[in-house]
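would you be able to build a 3D model of this:
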Amino acid sequence: MSVADAIREEPSLPRRNGELVFEEPWQSRAFGVAVALAESGRCDWEAFRSRLIAEIGEHDEGEAWDYYARWLAALERLLLEEGLVTGAELEAEERRLRDHDAHEHDHPHPHPHSH
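Here you go, the predicted model:
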């Protein structure tokens, strides 16, 4: 089964009218990274999916539910366990993205741009 087929059949993905729903930019980025890694063959989709299932199972009922927070945790676990990034690289990228999002929030632009 292809990654695209697996995504179409994944019942837990947040959808509205059949389309994937992302409430925040980081959610679509995390989604895209996992899909790109699987489609490029850098990681196995089922390896990611099993980590996602484990993360969902570890969700504390006292916490607010956020599907993509579980998705991101599974992606981070996969990247670290497969040796695709180091903990220091992951932390540096998280800081960069937080800073970028804070900048975008404080200074919104009417059009997308790249850095």
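
strands of the chain, start to end?
Under the criterion DSSP state E, strands of the chain are mapped to 15-16, 19-20.

show residues contacting the first one.
Read that as strand 15-16. With C-beta atoms under 8 Å, 6 or more residues apart in numbering as the test, strand 15-16 has contacts from residue 21. (Each C-beta comes from the backbone N, C-alpha and C, glycine too.)

list the neighbouring strands of that strand plus their orientation.
strand 19-20 (antiparallel) (DSSP bridges).

show me where this protein dips below the pLDDT cut-off.
Across the chain, the ranges flagged by pLDDT under 70 are 104-115.

excluding chain neighbours, what is closest to the residue nearest the centre of the chain?
Of all residues in the chain, the one closest to the mean position by C-alpha atoms, centre = their mean is residue 30, 2.4 Å from it. Excluding its sequence neighbours, the residue lying closest to residue 30 (C-beta to C-beta, 6 or more residues apart in numbering) is residue 72, at 4.6 Å.
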